[in-house]
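# Generate a structure from the sequence data that follows.
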Amino acid sequence: MSFLDITRGDSPLVLGLPHTGTDLPPQIYDALNDTGRALADTDWHIHQLYDGLFPGATTVRTAIHRYAIDVNRDPSGESLYPGQNTTGLCPLIDFDGNPIYRSGQEPSAEDIIHRRETWHDPYHAALEAELARIRDRYGFAILYDCHSIRSGIPFLFDGRLPDFNIGTNEGRTCDPSIESAVTEICASAVGYTAILNGRFKGGWTTRHYGRPREGIHAIQMELAQSAYLTDEAPPWRYDPGKAARLRNTLATILNTLLRWRPT
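Model prediction:
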C-alpha cells in the first residue's frame, strides 16, 4: 500500500513510526482550518533521526498524518489516559486544545470507520505481520515505538517534558531487563533528562503488542523535540548538530536491544 513504508530487517528489532507522516487526502485537508493545516502535532523528522542508526532493524512507517487518524490510539476510541487531556482516534483538537476542523466539517461516525479501515487497520496488520515473522525466526521480537513531541504543552502536561520519555505501561509491556537497560542508558546520557513511565506510559501500540509472556516486548520512546530541532515552532527545522549528538545515545539503545536475549 502506497501509504505504508516497510523495510524488512534481519534482527529481532522492529521500529514503529506512526506519526512522522504529513500526507492528507484532499477531502480531509480541505475540511481542516488553518490550525489543522499547520500539522503542528507531527513527530517532525523522527524517521530522519533514526535513519541508518541500525540497518538490521525492520521499520513500519505510515505516511498518513495523525489528523486523518491516529494509528497509536485504541481503534475503539477509548482514552489511554482517562481523566487527562489528550487527543482522540480521529482528533478534533490539536495538542493545545484548539479545534483543527472548519465548523461543521468534523468527521462523522461513518468517516471514522472508513479511516480506520483504510489506514489504521492496514498499518497494524503490517506491524503485526512483521512482529510475527521475527518472533517465528528468533523466538521473540522487540517493538521500539518511535515518537517525539514539543517539550512544553500546557494542555497536555505541566512544566517541561524530559528529553527521553520511556513508556512500558508500568513495566507490563516488556521484560524488566529491557526496561532497565534503556532507562539506564537514557539516565546516564550527559546533558539530557529522562523519565520512565511519566506523562507518557506508552500508547496503544506499545500496550497492545507488548506481551512478554508471548515473546513480544514493546517499549515506547517519546523524545522532546527540543533535543533535535532548531526550534519547536514552524518551520520545524532539523538541527544536524543536536541530532548527531542525540543519535549517539539512540544508537546505543538500539544496539543494546540488538544484543538482548531472553533468559
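# For the longest helix seen in the chain, which outside residues touch it?
Across the chain, the longest stretch assigned as helix under DSSP state H is helix 240-259. Residues outside helix 240-259 that contact it (C-beta atoms under 8 Å, 6 or more residues apart in numbering): 11-13, 45, 48-50, 53-54, 56-57, 142, 144, 164, 178, 181-182, 185-186, 189, 191-192, 221, 223, 227-230. Using the backbone N, CA and C atoms, a C-beta is placed for each residue, glycine as well.
# Report the rounded mean pLDDT for it.
For helix 240-259, mean pLDDT is 97.
# What average pLDDT does stretch 47-62 get?
On average, stretch 47-62 scores 94.
# Give me the distance between it and the centre of its chain.
Centroid displacement of stretch 47-62 relative to its chain, using C-alpha atoms, centre = their mean, to the nearest Å, is 13 Å.
# Next, the distance between the ends of it.
11 Å (C-alpha to C-alpha, to the nearest Å).
# Show me which residues of that stretch are buried.
His47, Leu49, Tyr50, Leu53, Phe54, Ala57, Thr58, Thr59, Val60, Arg61, Thr62 (16 or more other C-beta atoms under 10 Å).
# in terms of contact, does the fifth one touch Asp10 like I think?
I take that to be Phe54. No - using C-beta atoms under 8 Å, Phe54 is not in contact with Asp10; the gap is 11.2 Å.
# the helices in the chain, which residues?
Listed in chain order, the helices of the chain (DSSP H) span residues 26-31, 34-37, 46-50, 109-115, 121-138, 176-188, 204-209, 240-259.
# which one of the ones you listed is the most hemmed in?
helix 204-209 (a mean of 22; mean count of other C-beta atoms under 10 Å).
# how much space between the residue of the chain positioned farthest from its centre and Ala31?
Most distant from the centre of the chain: Gly104, at 29.7 Å, with distances by C-alpha atoms, centre = their mean. Between Gly104 and Ala31 the distance is 9 Å, computed by C-beta to C-beta, to the nearest Å.
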